[in-house]
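Student: below are the sequence and a predicted model for it; my questions follow.
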There are 2 protein chains.
Amino acid sequence: MQRFAPDYGWFGGGFGPAPMHSAPTTGAGSMTPGPTAAPVSPERLPDGAEGQLTSDEYNAWRGFLRSHQALCRVLDEELQRDTGVPFVHYDVLVQLSNAGGRLRMRDLAGRLLVSRSGATRLIDRMERDGHVIRERCSQDGRGQYAVLTSEGLKVLDRSRPSHLRGVRQRFLSQIDDDQLLAIGAAFTRVLRELERETGESLL
Amino acid sequence: MQRFAPDYGWFGGGFGPAPMHSAPTTGAGSMTPGPTAAPVSPERLPDGAEGQLTSDEYNAWRGFLRSHQALCRVLDEELQRDTGVPFVHYDVLVQLSNAGGRLRMRDLAGRLLVSRSGATRLIDRMERDGHVIRERCSQDGRGQYAVLTSEGLKVLDRSRPSHLRGVRQRFLSQIDDDQLLAIGAAFTRVLRELERETGESLL
DNA sequence: GGCAAATCGTTGCATCCGCAATCAACTATA
DNA sequence: TATAGTTGATTGCGGATGCAACGATTTGCC
């Protein structure tokens, strides 16, 4: 299962000439796929402005993408198995708890980084589960609060330790203190840049 | 739009006593939500084994989660706008290109970290777009290859520069060289740990 | 060789999500 | 105060995904 080029094709010119491919209509089929893949020189800096990634850049970016996928899947499975709560619901419980128990739908959507309709449906489900209830907003007749129920809080308290253990084992304990600081600072800057670009508040 | 406690409630004991909440059946409604949120002491180490996060840990973990959400959304929008290709399709094109132009469905699913049915549907769509075709596998009668078409390769080449520019601007250029190395190394370890746990190959 | 078990890709089904449209309620301006 | 424009939440709809089940094929074992 060796994989020479660490895929994503983002640095080092990939495979030299250009891979053969069959026309969309008929596949010629005389291809010998793997063995002649050009070995890639590491640390090749971006050529012009057109953008290849150095191997360090590549590692960071692809590691970021794939770690997130794999990590979230595993954590979600674990959470569901242990407490029956999906990762997204857990996130809602935490946000509500941190906000003092209640949050306008709009603000909840903002903190979760989901659309408004997404938040509506999410709270629908969690209301069915008895973990939140809706309450009309007295100041603004259009508004709805999502309110954490005692059942919801119990579920949060019950699932937090195991979830945090999972996060520690798979993420935090793989990272030494310097890296932790570096990562925290880097992501803060990333979010700040995205805030600047989109106008949304992300921090 | 101030937000005192950096939400996710993962360090520092959150709000002291326990937030009031109404019973699921009837919301009493006499809550004064925000202002008395207990100020949080930063850098409080995990108390026992039950797991709170230090603020550094919290920053890294939450930054990781939120950056990914925000970043992928923006990059996907940009990619779709510029070239009509969704981020997922781009990933497929890259994987195929790196593999020399063709990949068994199973391997493609593995590299994309999606389910097999997910890969099937994905290739269905991309085949409709003319970016890939299917080819039977001669060695294994069960197998199918997803094969990059010349059209697909053209699309990849056309979208790569702009996409990479976006990745640079929003991610790589927010990170200095030390941080880049730290992040790359950290994620590699994270993936290795997940490989150990799940048995799948992720690197 | 022959049969059981495993693997590959696909499909039905259910779930979840975002966009656009909608209705209700608030705000600003004349 | 009247009216237009904005904002909040919900709903219909289509798209994308995973799980379980299925048929086809290969592999392992006797």
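Tutor: Perfect, thanks for sending it.
Student: pLDDT weak spots in chain A?
Tutor: A:1-51 (pLDDT under 70).
Student: now do the helices in chain A.
Tutor: A:55-83, A:87-98, A:105-112, A:116-129, A:150-170, A:177-198 (DSSP state H).
Student: just these: most buried one?
Tutor: helix A:87-98 (a mean of 22; mean count of other CB atoms under 10 Å in any protein chain shown). Every residue, glycine included, has its C-beta placed from N, CA and C.
Student: extract the C-alpha set from stretch A:138-150 and format it as PDB.
Tutor: Only the C-alpha atoms of stretch A:138-150 are listed here, as PDB (Å, rounded to 0.1, in the frame of the first residue of the first chain):
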ATOM      1  CA  SER A 138     -40.300  38.800  24.800                       C
ATOM      2  CA  GLN A 139     -38.300  41.700  23.500                       C
ATOM      3  CA  ASP A 140     -38.600  40.700  19.900                       C
ATOM      4  CA  GLY A 141     -41.700  39.000  18.700                       C
ATOM      5  CA  ARG A 142     -40.000  37.400  15.800                       C
ATOM      6  CA  GLY A 143     -37.400  35.800  18.000                       C
ATOM      7  CA  GLN A 144     -37.200  32.300  19.400                       C
ATOM      8  CA  TYR A 145     -34.900  31.100  22.200                       C
ATOM      9  CA  ALA A 146     -33.500  27.600  22.200                       C
ATOM     10  CA  VAL A 147     -33.400  26.800  25.900                       C
ATOM     11  CA  LEU A 148     -31.400  24.000  27.500                       C
ATOM     12  CA  THR A 149     -33.500  21.700  29.500                       C
ATOM     13  CA  SER A 150     -32.300  20.000  32.700                       C
END
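Student: list the contacts of A:F171.
Tutor: A:L71, B:W61, B:F64, B:V190 (CB atoms under 8 Å, 6 or more residues apart in numbering or on different chains).
Student: need the helices of chain A in JSON lines (columns: distance to DNA strand D).
Tutor: Listed next are the helices of chain A as JSON lines, based on distance: least, CB to the nearest atom of the strand, whole Å:
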{"stretch": "helix A:55-83", "distance to DNA strand D": "7"}
{"stretch": "helix A:87-98", "distance to DNA strand D": "13"}
{"stretch": "helix A:105-112", "distance to DNA strand D": "3"}
{"stretch": "helix A:116-129", "distance to DNA strand D": "3"}
{"stretch": "helix A:150-170", "distance to DNA strand D": "17"}
{"stretch": "helix A:177-198", "distance to DNA strand D": "16"}
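Student: and the gap between the most centrally placed residue in chain A and DNA strand C?
Tutor: Chain A has A:H68 as the residue nearest its centroid, 5.0 Å off, counting by CA atoms, centre = their mean. From A:H68 over to DNA strand C the distance is 15 Å, taken as CB to the nearest atom of the strand, to the nearest Å.
Student: quick one, what contacts that residue?
Tutor: A:H68 touches B:F64, B:L65, B:H68, counting by CB under 8 Å, 6+ apart.
Student: which residues of chain A lie near DNA strand C?
Tutor: Contact residues (CB under 7 Å from any atom of the strand) of chain A with DNA strand C: A:86, A:88, A:114-118, A:121-122, A:125, A:140-142.
Student: any chance of these in a markdown table, with distance to A:L164 too?
Tutor: Putting the residues of chain A next to DNA strand C into a markdown table (distance: CB to CB, whole Å) gives the following:
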| residue | distance to A:L164 |
| --- | --- |
| A:P86 | 17 |
| A:V88 | 17 |
| A:V114 | 23 |
| A:S115 | 28 |
| A:R116 | 30 |
| A:S117 | 31 |
| A:G118 | 25 |
| A:R121 | 27 |
| A:L122 | 22 |
| A:R125 | 24 |
| A:D140 | 36 |
| A:G141 | 39 |
| A:R142 | 37 |
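Student: many thanks, have a good one.
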